[in-house]
Every structure is written in C-alpha cells, then in structure tokens.
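**Student:** Generate a structure from the sequence data that follows.
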Amino acid sequence: MKQKLLAVFTVVLACVSMCFTTVHAASSDYSFEMNYRLVDGSDLENYHSLDEGDVYIEGEVKVIDYAPGASFKNTLYYALIRKRLGPDKNCGSVSYSNYEDPDGELLGTADISSGNYYLQIFKVNDDGYDIAGSGKIYN
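**Tutor:** Residues are numbered from 1 along each chain as shown. Below you'll find the model as predicted:
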C-alpha cells in the first residue's frame, strides 16, 4: 500500500512541477549614446545572446544635447547583425521617425542561437542632435 501511495504522490508531484515550469526567452539589455550618426555594437564589443527565432526591441530614446539651429530629427534605424566568419549577417532592422521609443516591434530574426548578435544604431545624416537610449532586445 505504501508503494502505491508513493507512486501516486510521485506522479502527482511530477505533473504539478511541469505546470509551474516557465519557459525563459533570451533577453539582452542595450544602451547607447550617439553624438553624430552611428553606434556600432561590434566596435564596442557589445554582443547579445539570443535564441533562434523572432527578435523584438523595446526601449527609450532621449535628446541629451543639440547644436544651435538643429530643427529636423532624422529617422533612427536599429539593425540586428550576427557576427560570423566572413561578412557579418544582417538579420533585420526597424526604423523610428522623430526618435520615437521602440515599443516591442519586430526587429528581425535570429537565424541561430548565439551570443554573437549586435546592434548598429544609426541616422542617415548627422542632424545636430546628440541622443541616448536604452532598452532590451528579446525573443
């Protein structure tokens, strides 16, 4: 009788523990300060670990300084790139006009699970605004 009760208890415990098991997605924080028009995570050796699959971005951007006469804010681009042997691979990008905050939008697709992803954040032209931003990329 004790063996049967122990077996039932073990099965119930296993079922309950599976119900409370959480799935952890890959997530990585980023931050940057841009004084001209480009921040390259690879040059800064700022790499992110991501799982294979869709990658999303969220965060905030703020103006920290501006040149006299600066009026029009350029579109800000975020590109997800995987460092690899040979040319690095662009895995997707997203853009925001008027320095809108990234809000959970799809950034791209991680093609393999790796710790070799980085962000390139850039403006096509220097618009006279120095900006800072932070947030996270995740899948």
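
**Student:** rest of the way, CA atoms for contacts and neighbours
**Tutor:** OK.

**Student:** Just want the most central residue of the chain.
**Tutor:** Compute the mean C-alpha point of the chain, and by CA atoms, centre = their mean the closest residue is residue 137, 1.6 Å away.

**Student:** so how far is residue 32 from it?
**Tutor:** Counting by CA to CA, to the nearest Å, the gap from residue 137 to residue 32 is 13 Å.

**Student:** Find the residues that touch each one of the two.
**Tutor:** Common neighbours of residue 137 and residue 32, counting by CA atoms under 8 Å, 6 or more residues apart in numbering, are absent.

**Student:** Isn't residue 127 up against residue 68?
**Tutor:** No: at 10.9 Å, residue 127 does not count as touching residue 68 under the criterion of CA atoms under 8 Å.

**Student:** between these two, which one's more packed in?
**Tutor:** residue 127 (19 against 8; other CA atoms under 10 Å).

**Student:** Counting neighbours, what do you get for residue 29?
**Tutor:** Counted with other CA under 10 Å, the burial measure for residue 29 works out to 15 neighbours.

**Student:** Check the one 10 residues further on too.
**Tutor:** Using other CA under 10 Å, residue 39 is surrounded by 18 other residues.

**Student:** Wait, residue 126 touches residue 66, no?
**Tutor:** No: Residue 126 is not in contact with residue 66 according to CA under 8 Å; the separation is 10.9 Å.
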